[in-house]
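J.: Could you work out the structure for the sequence below:
(one chain, ligands or ions: 1)
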Amino acid sequence: MKTLNRDIWVFGDYRNYFQNRVTLQLLARAGELAPKTGGSICAIVFGHDIGEYVSEYIAHGAEKVYVVDHPQLKQYSIEAYTGLMERLIKAHRPEILLIGATCFGKEYAPKVAKRLKTGLTADCIDLDINKDGLMIQTSPSFGGNLIAEILTPNNRPQIATVRAGTFQEISHNADAKGEVISMPIPDDLPMERVRLIRSERLPKKGRKIEDTSVVICGGRGMGSKQKFKKIFELAHLMDGEVGVTRPVVHAGWSGPNTLVGQAGRQISPKILISFGISGAIQHTAAIDDADFIIAVNKNPNATMMKLADVAVVADANQACLAIIKEIKKKIQL
Ligand SMILES: Cc1cc2nc3c(=O)[nH]c(=O)nc-3n(C[C@H](O)[C@H](O)[C@H](O)COP(=O)(O)OP(=O)(O)OC[C@H]3O[C@@H](n4cnc5c(N)ncnc54)[C@H](O)[C@@H]3O)c2cc1C
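T.: Numbers count the residues shown, from 1 in each chain. All right, here's what the predicted structure looks like:
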């Protein structure tokens, strides 16, 4: 297949969005490579009600976003998504396709490459463009004993998968502008032969609160042991850990190993969400290194609200429940 343009496409993998930033990281790398190819940075988004992901990709560097939004695409589906990508690529013939090496991406990328009869390099640790305009796909080989630089000289697009964390995302630019190209769903899209009956998150194994990038902290303002269970549910959904204040431990709503503060753990998460916590120094001394703090409290003058990057005046239970509902909608649990 001959290319029509030198565009770099990035597949929009937005499942498990809170932890999985690989699409944003790939958009950032595409932005560094695009001046060398002379093409545009494009995101490809399939799904249903996906407007917010489209905006997010534009805010993270996508110049064009190809969108197929249809209820039939609500669940990530290998067969439908492969068929769609094949058609889109044949119609627009980009130079490069980048896919995150997520569970879905690892299954998806080889199928797309096979359909298009082109090469794929899996689990790249670097990507660049050589003087001939080909993408250098750097990938560990032979069990990591060799680092190979792989080229796809003849067939198009050049496809690579990349693990999360390989590249750094650029910061969110709410003023960024991008072109959104909405495509209809084809009538003859293959029927899915696999039906998803149920999905659930696997339980986490022994991770320390000090090592996690998301901590959900609950305090006395959550009200009761029963209500406090929402804190655990939210932490689970966001792949984070639970932190608590001393009254919570004393009341038996959570164990002493979750105590954050002078008498407990020191934490440095990327995101800390604090529900119903006043912000006593014995607690806040241990959260100084948190990158971004969101506090929910019914009292706008609580110390915790003043410390926070975002302070939400609300009932802690209701706010926690609302976030849980939104996340469940997004991740289709
Ligand atoms: C020597 C010593 C060591 C200590 N070590 C620690 C420590 O390591 N860690 C620690 O956490 N504490 C420690 N403490 C206790 C600390 O001083 C505070 O008492 C404690 O942090 C307060 O916990 P809290 O914010 O959950 O409760 P509170 O101070 O009672 O605050 C509850 C907050 O919830 C809000 N609220 C109430 N209802 C709602 C609602 N429905 N919706 C929203 N918001 C609501 C209130 O406005 C209030 O701001 C220590 C104390 C001492 C003396």
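
J.: secondary structure class for residue 252?
T.: coil (DSSP: H, G, I helix; E, B strand; the rest coil).

J.: any idea how far it is from the ligand?
T.: For residue 252, the distance to the ligand (Cβ to the nearest ligand atom, to the nearest Å) stands at 14 Å. Any C-beta I mention is one placed from the backbone N, CA and C, and that applies to glycine too.

J.: Contacts for stretch 231-239 next, please.
T.: 16, 18-19, 201, 204, 214-218, 222, 240-242, 244, 254, 273, 275, 320, 323-324, 327-328, 331, 333 (Cβ atoms under 8 Å, 6 or more residues apart in numbering).

J.: Most distant residue from the centre of the chain?
T.: residue 250 (36.0 Å; Cα atoms, centre = their mean).

J.: what pLDDT does that one get?
T.: In this model, residue 250 is scored at 93, pLDDT.

J.: Straight-line length of stretch 246-262, end to end?
T.: 10 Å (Cα to Cα, to the nearest Å).

J.: Name the residues of that stretch that are buried.
T.: Buried residues in stretch 246-262, counted by 16 or more other Cβ atoms under 10 Å: 246, 248, 249, 253, 254, 258, 259, 260, 261.

J.: what about it, distance to the chain center?
T.: Centroid separation for stretch 246-262 versus its chain: 30 Å, with Cα atoms, centre = their mean, to the nearest Å.

J.: Pull out the buried residues from the strand or helix carrying residue 97.
T.: Under the criterion of DSSP states H and E, residue 97 resides in strand 96-100. The neighbour-count check on strand 96-100 (16+ other Cβ under 10 Å) flags 96, 97, 98, 99, 100 as buried.

J.: Would you enumerate the residues in contact with the first one?
T.: It refers to residue 96. 7, 8, 9, 30, 33, 37, 39, 135, 157, 158, 159, 160.

J.: Inside strands: which ones of these?
T.: 8, 9, 135, 158, 159, 160 (DSSP state E).

J.: Which neighbouring elements make contact with the helix or strand residue 68 falls within?
T.: Using DSSP H and E, residue 68 sits in strand 64-69. Strand 64-69 sits against strand 41-47, helix 51-59, helix 78-92, strand 179-182, with contacts defined as 3 or more Cβ pairs under 8 Å, 6 or more residues apart in numbering; DSSP states H and E.

J.: partners of that strand, with directions?
T.: For strand 64-69, the paired strands and their directions (DSSP bridges) read strand 41-47 (parallel), strand 179-182 (parallel).

J.: Okay, buried residues for it please.
T.: So for strand 64-69, counting by 16+ other Cβ under 10 Å, buried means 64, 65, 66, 67, 68, 69.

J.: Among these, pick out the one closest to residue 282, please.
T.: residue 65 (47.5 Å; Cβ to Cβ).

J.: how much space between the closest one and residue 249?
T.: Noted for residue 65: a distance of 47 Å to residue 249, by Cβ to Cβ, to the nearest Å.

J.: Let me see the ranges of the strands in the stretch 201-333 of the chain.
T.: Taking DSSP state E, counting those that start in this stretch, the strands of the stretch 201-333 of the chain run over residues 214-218, 241-244, 271-275, 292-297, 310-313.

J.: Okay, now the unreliable bits of the protein?
T.: 17-19, 143-144, 201-206, 332-333 (pLDDT under 70).

J.: domain ranges for it?
T.: The chain breaks down by automatic domain parsing into domains covering 8-182, 209-331.

J.: can you list these in JSON lines and add distance to residue 1?
T.: JSON lines is the format used below for those (distance: least, Cβ to Cβ, whole Å):
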{"stretch": "domain 8-182", "distance to residue 1": "5"}
{"stretch": "domain 209-331", "distance to residue 1": "35"}
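
J.: what sits against the residue nearest to residue 193 when sequence neighbours are not counted?
T.: Nearest residue to residue 193, sequence neighbours excluded (Cβ to Cβ, 6 or more residues apart in numbering): residue 79, at 6.6 Å. Residue 79 makes contacts with 190, 191, 192, 193, 194, as judged by Cβ under 8 Å, 6+ apart.

J.: Now rank these by neighbours and give me the top one.
T.: Sorting these by how many neighbours each has (other Cβ atoms under 10 Å) puts residue 192 first, at 14 neighbours.

J.: would you say it is within a helix?
T.: No - secondary structure of residue 192 (three-state DSSP): coil, not part of a helix.

J.: Isn't it up against residue 82?
T.: No - under the criterion of Cβ atoms under 8 Å, residue 192 is not in contact with residue 82, lying 10.8 Å apart.
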